[in-house]
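# Here's my sequence, what's the structure:
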Amino acid sequence: MSKKRFERDVLEWTKFVFEMLWGVIVTAGLIIKEIFELVVSSKSKSLVGQHVLVTGAARGLGREICLRLIREGCSMTCVDVMLEGAKETAAICNAVRSGCAKAKLCDITDRESIKRLLKDIPPVDVLINNAGIVSSADILEVTDEHIEKMMAVNVMSHFWTIRAFLPGMIERGRGHIVAIASAAAFTSAANIAPYTATKYAVTGMMASLREEFRRAHPQIKTTTIHPFFITPPPSSVEHWNKESRIPDVTAGQTADMTVMGIKKEKITVTVPAHLYFLLLLLQMLPSAAGELWRDMFYANINSLDKKIKA
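Numbering: from 1, shown residues only. Below is the predicted model of the structure:
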């Protein structure tokens, strides 16, 4: 090794060591800041006048998010393949603030349908990819068609909507993309392999997008929501029988936390908030210890369907 190369390597490693020490100090400060913000409310941005598009808006969590955002002063585009349900959501929103919500029919798994939607609505400031399907089944019971459909709705649709609406956000110099993922992206449970795979995929995609935006488009924000199991609406078909010592969360609670995450520009939001630390602990533990804790919390999911069909 030449003397010049040796000196360059020493200089680089010295620089790296000092950067690591600085990183430890900054990280400690950021951890304290994060804990402080969990306890004490931090500043929030106004959403007044923002145009928000919510997929899967016909019922449940999508409807609850729309209702809360209309109260924040937003205008809403309520998107769903079930147009009547989307119209009901828009009507409920318009009862709060007249003329501020519209329902649109769109199959988010169809790129052409999304392109038509793009031309038919005002520029989107906040895109909330909420639509998703769930089910539980043994990996050998679930059909090929159902796996493909779940991937199309829960994962691929995010790519198609983001690729459609992101250019406008970049052009206007602002925007916020929100993904409704799941606590299943941080831990595992039996009988929901396809569903879990979709939530891992969305979580990874959003993390990668954040890095892209941080470097090239820092004005575009991302937020990923990770709720625990949401209590289904009374009219909804039960997809599984769940056993857990952690209680379900409601669609209303999840919608509240989603709006909070948008206003505070949170990168990751878990519902309930303290679930973040439990999930972090599970990832840090040895596998056997993680399984022990999952067993203590009764993290069991049993399929209600003998055969799942798309």
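# isn't there a helix covering S188?
No: applying DSSP: H, G, I helix; E, B strand; the rest coil, one finds S188 to be coil, outside a helix.
# residue contacts, it?
T196, R294 (CB atoms under 8 Å, 6 or more residues apart in numbering). Glycine gets a C-beta too; all of them are placed from N, C-alpha and C.
# Can you pull the phi/psi pair for it?
Dihedral angles phi and psi of S188 (degrees, to the nearest 10) take the values phi -130, psi 150.
# Next one, pLDDT for it please.
Taken from the predicted model, the pLDDT recorded for S188 is 74.
# For the stretch 201-310 of the chain, which segments count as strands?
Taking DSSP state E, counting those that start in this stretch as the criterion, the stretch 201-310 of the chain carries its strands at 220-227, 240-243, 268-271, 300-303.
# Can you show me the CA trace of the third one as PDB?
Included here for strand 268-271 are C-alpha records, laid out as PDB according to Å, rounded to 0.1, in the frame of the first residue of the first chain:
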ATOM      1  CA  THR A 268     -44.500   6.100  11.400                       C
ATOM      2  CA  VAL A 269     -47.600   5.900  13.500                       C
ATOM      3  CA  THR A 270     -48.700   2.900  15.500                       C
ATOM      4  CA  VAL A 271     -52.200   2.500  16.900                       C
END
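# Adjacent strands (with direction) for that strand?
The strands that strand 268-271 pairs with in its sheet are strand 220-227 (parallel) (by DSSP bridges).
# ok, residues contacting the partner strand?
61, 166, 169-170, 174-183, 185-186, 202-203, 206-207, 209-210, 213, 249, 254, 257-258, 261-262, 265-271, 275-276, 279.
# Quick one: buried ones out of the residues you listed?
Taking 16 or more other CB atoms under 10 Å as the criterion, what is buried in these is 61, 166, 169, 175-183, 185-186, 202-203, 206, 209-210, 213, 249, 254, 257-258, 261-262, 266, 268-271, 275-276, 279.
# what ranges do the helices span in this structure?
Ranges of helices in the chain, per DSSP state H, are 3-39, 60-71, 83-96, 111-120, 144-151, 157-172, 193-216, 251-263, 275-284, 287-296.
# Figure out how far the fourth one is from the centre of its chain.
Relative to its chain's centre, helix 111-120 lies at 22 Å (CA atoms, centre = their mean, to the nearest Å).
# check contacts around the nearest residue to K115 once chain neighbours are set aside.
Residue nearest to K115 in three dimensions, not counting chain neighbours: A164, with 6.4 Å by CB to CB, 6 or more residues apart in numbering. Listed by CB under 8 Å, 6+ apart, the contact partners of A164 are R111, I114, K115, L117, L118.
# can you pick the most crowded of these?
The most crowded member of the contacts of A164 is L117, carrying 22 neighbours; neighbours defined as other CB atoms under 10 Å.
# quick one: low-confidence ranges for the stretch 151-300 of the chain?
Counting by pLDDT under 70, the stretch 151-300 of the chain contains low-confidence ranges at 233-244, 297-300.
# Pull up the gap between N94 and H51, please.
Going from N94 to H51 by CB to CB, to the nearest Å gives 15 Å.
# To clarify, my last question referred to P272.
The separation that P272 has from H51, given CB to CB, amounts to 30 Å.
# now V269
Relative to H51, V269 is positioned 22 Å away (criterion: CB to CB).
# Count the residues that sit near the closest residue to L285 other than its chain neighbours.
The spatially closest residue to L285, leaving aside those adjacent along the chain, is W293, at 7.0 Å (CB to CB, 6+ apart). Neighbours of W293 under the rule other CB under 10 Å: 14.
# Please name the residues that touch W293.
With contacts defined as CB under 8 Å, 6+ apart, the neighbours of W293 are L281, L282, L285.
# between those, which has the most around it?
Of those, with other CB under 10 Å as the count, L282 tops at 18 neighbours.
# Please name the nearest non-neighbouring residue to that residue.
Excluding the flanking residues, the one nearest L282 by CB to CB, 6+ apart is G290, at 5.0 Å.
# repeat for L83
Distances taken as CB to CB, 6+ apart put L105 closest to L83, at 4.3 Å, once the chain neighbours are dropped.
# Cool, thanks, signing off.
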